[in-house]
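Undergrad: Need a 3D model of the following:
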Amino acid sequence: MPITTENGTGRRKAAVARVYLSSGKGKIKINGRDFREYLCRESLAKVVLEPLDAIDKVDAYDFNVNVKGGGLTGQAGAIRLGIARALL
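TA: Purely as a prediction, here's the structure:
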């Protein structure tokens with residue numbers, strides 16, 4: 001079942017993330033950069049991937065994320081929630 005575009009919003013602490021989901025090959029861009037480059041720490045990258053690991057679809061979707069506010073930990077939590085909501 002092809003997905004055109006879905007979106008979800010996540011908030012954690014002072015961070016707000018807008019997540020746009022489309023079918024693809026597993027690319028995640030945060031503010032125009034690769035998510036591993038943006039988040040700097042592998043532990044934060046794992047937080048972002050938790051919703052995809054739960055449904056075993058890590059390579060099925062592409063995500064374009066706009067996030068602002070807060071620190072990296074709050075942003076990672078907001079992105080995780082936004083991804084989960086976009087998948088619903």
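Undergrad: Give me the phi and psi for residue 41.
TA: phi -110, psi 140 (degrees, to the nearest 10).
Undergrad: what's near enough to touch it?
TA: Residues counted as contacts of residue 41 (CB atoms under 8 Å, 6 or more residues apart in numbering) are residue 72. (Each C-beta comes from the backbone N, C-alpha and C, glycine too.)
Undergrad: and it, how far is that from residue 73?
TA: 9 Å (CB to CB, to the nearest Å).
Undergrad: I'd like to know how far the residue nearest to residue 55 when sequence neighbours are not counted sits from residue 27.
TA: Distance criterion CB to CB, 6 or more residues apart in numbering; nearest residue to residue 55, sequence neighbours excluded, is residue 87 at 6.9 Å. Residue 87 sits 16 Å away from residue 27, taking CB to CB as the criterion.
Undergrad: Among the two, which residue is more densely surrounded?
TA: residue 87 (19 against 13; other CB atoms under 10 Å).
Undergrad: Tell me which residues touch the more buried one, please.
TA: 6, 8, 21, 51-52, 55, 61.
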